[in-house]
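Visitor: What would the 3D arrangement of this be:
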Amino acid sequence: MAPHHPPRIPPPPTPHWVIDLRTLPGNKPRPISSSIPDPPGFTNPSTTKKSTAKQAPTANPSDTDDLFLKKAWEIALAPAKAIPMNAIMMYMSGNSLQIFSIMMTAMLFMNPIKALSTLGSTFSRFDNERTHARLWPVKLAFIALQLATIALGIWKVNGMGLLPTTRSDWLAWERERQPMEYSAPVFQGLSQ
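Guide: Now for the predicted structure:
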């Protein structure tokens with residue numbers, strides 16, 4: 001015996017106010033005598049095709065070089081945006097020796113050293129015969145900001161007490177002081 005299914009109900013008819021997107025008329029040209037103006041920002045596609053076909057962008061080498069230098073300055077000044085954030089994080093992590101503060105301090109040294117070691121490849125895409133002389137200030141600013149990040153790491157290591165900056169850190173190399181004279185108390189009660 002085959003299973004008995006209930007009869008299938010047909011979907012309701014589509015209301016007359018629903019727009020059928022398959023039967024829309026094509027893009028009809030708008031009559032010129034239309035009294036309704038175009039909305040702000042609207043450009044008629046039929047008129048823009050003609051004007052854009054005539055205008056071909058030409059790249060001027062000096063404009064391209066200026067864009068290269070602008071992008072190079074953005075890359076060079078990027079560490080300046082990270083220095084305040086790193087300073088606040090170093091201040092908030094405290095001066096005690098904990099894994100969190102040690103790892104953060106290690107990153108303050110490792111990231112700038114990596115960035116300085118890849119200095120040539122970082123700016124190589126902006127370097128050509130026209131921009132070579134103008135890239136030196138960009139590279140120097142990048143180096144200075146990386147050294148400022150390393151200085152922040154040195155400040156943190158000093159605050160944690162890991163830099164030997166006090167006299168007690170160098171006691172192994174201190175000589176024992178030789179007294180210039182000795183003094184001894186005189187006991188009068190024992191001499192009689």
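Visitor: Quick check: buried residues in the helix ranked longest in the chain?
Guide: Across the chain, the helix with the greatest residue count (assigned by DSSP state H) is helix 61-93. Buried residues in helix 61-93, counted by 16 or more other CB atoms under 10 Å: 65, 68-69, 72-73, 76, 79, 83, 86-87, 90, 93. Quick note: C-beta positions are derived from backbone N, CA and C, even for glycine.
Visitor: Next, format the residues you listed as CSV and append pLDDT and distance to residue 11.
Guide: Formatted as CSV, the entries for these read as follows, by pLDDT from 0 to 100; distance: CB to CB, whole Å:
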residue, pLDDT, distance to residue 11
65, 86, 65
68, 89, 62
69, 92, 64
72, 93, 63
73, 94, 63
76, 94, 64
79, 93, 63
83, 94, 65
86, 93, 63
87, 93, 66
90, 91, 67
93, 88, 65
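Visitor: Residue 113: which of these is nearest?
Guide: For those, the minimum distance to residue 113 (CB to CB) is 12.5 Å, reached by residue 79.
Visitor: Quickly find the element holding residue 120.
Guide: helix 119-123 (DSSP states H and E).
Visitor: Give me the distance from the helix or strand harbouring residue 138 to the chain's centre.
Guide: Per DSSP H and E, residue 138 falls inside helix 136-159. Its chain's C-alpha centre and that of helix 136-159 lie 16 Å apart, by CA atoms, centre = their mean, to the nearest Å.
Visitor: neighbouring contacts of it?
Guide: With contact meaning CB atoms under 8 Å, 6 or more residues apart in numbering, helix 136-159 is reached by 69, 72-73, 75-77, 79-80, 82-83, 86-87, 90, 95, 101, 104-105, 108-109, 111-113, 115-116, 119, 122-123, 126, 163, 165.
Visitor: Can you pull out the low-pLDDT segments for the protein?
Guide: 1-2, 20-34, 45-59, 187-192 (pLDDT under 70).
Visitor: middle-most residue in it, spatially?
Guide: In the chain, the residue lying closest to the centroid (CA atoms, centre = their mean) is residue 78, at 5.8 Å.
Visitor: ok, so what distance separates it from residue 163?
Guide: Separation of residue 78 from residue 163 (CB to CB, to the nearest Å): 28 Å.
Visitor: tell me what the helix or strand hosting residue 105 is packed against?
Guide: Per DSSP H and E: residue 105 is located in helix 99-117. Packing partners of helix 99-117 (3 or more CB pairs under 8 Å, 6 or more residues apart in numbering; DSSP states H and E): helix 61-93, helix 136-159.
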